[in-house]
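Enquirer: Predicted model, plus sequence, below.
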Amino acid sequence: GVHLTSLDDRTDRFLDRSKVILLGMVNMDLTETGADDVDLSQTRLVAHELVKESGPLRGELEEADQQRLMTLIDDLEVILLQIANLEEDADIPAIEMVKDGVDQRAVLLKINVSEMRSTQRGDGS
């Protein structure tokens, strides 16, 4: 069950999956393919799942007083919601909007920092 894994593990997994989604969006080369060829169905599906997870996870982080991670998950939730709500045939401006959000909030950077910290945390230091 869910409760067997620690909050740290679940947060790391959440951040990891979010990172994959965001990198996929950010690295999407819209000049080459044009939006017609972009298949977002899988991405939207995962984003939707992550949004559902983010609420409970955020609540637990709040209880654990993990302010920094809470803020990060808030940021991610906004962007993941945008992705989850993209149209089946999302146009380039919609995708660019998501990319801009990722840039503005510097979430990928924050995820990397967070993952570095959790690696340090994991080695008993």
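Expert: Now that the structure is in, tell me what you want to look at.
Enquirer: For the helix or strand hosting residue 116, what is the distance to the chain centroid?
Expert: If you go by DSSP states H and E, residue 116 is part of helix 107-122. Here helix 107-122 is found 13 Å from its chain centre; the criterion is CA atoms, centre = their mean, to the nearest Å.
Enquirer: what packs against that helix?
Expert: Other elements packing on helix 107-122 under the criterion 3 or more CB pairs under 8 Å, 6 or more residues apart in numbering; DSSP states H and E are helix 7-26, helix 67-84. (Glycine included, C-beta is placed from N, CA and C.)
Enquirer: Report the buried residues of the shortest one.
Expert: Okay, so that is helix 67-84. Buried residues in helix 67-84, counted by 16 or more other CB atoms under 10 Å: 69, 70, 72, 73, 75, 76, 77, 79, 80, 82, 83, 84.
Enquirer: how far away is residue 21 from residue 6?
Expert: When distance is defined by CB to CB, to the nearest Å, residue 21 is 23 Å away from residue 6.
Enquirer: So for the two, which residue has more residues nearby?
Expert: Taking neighbours as other CB atoms under 10 Å, residue 21 and residue 6 compare with residue 21 leading, 23 against 9.
Enquirer: Report the central residue of the protein.
Expert: Compute the mean C-alpha point of the chain, and by CA atoms, centre = their mean the closest residue is residue 18, 2.7 Å away.
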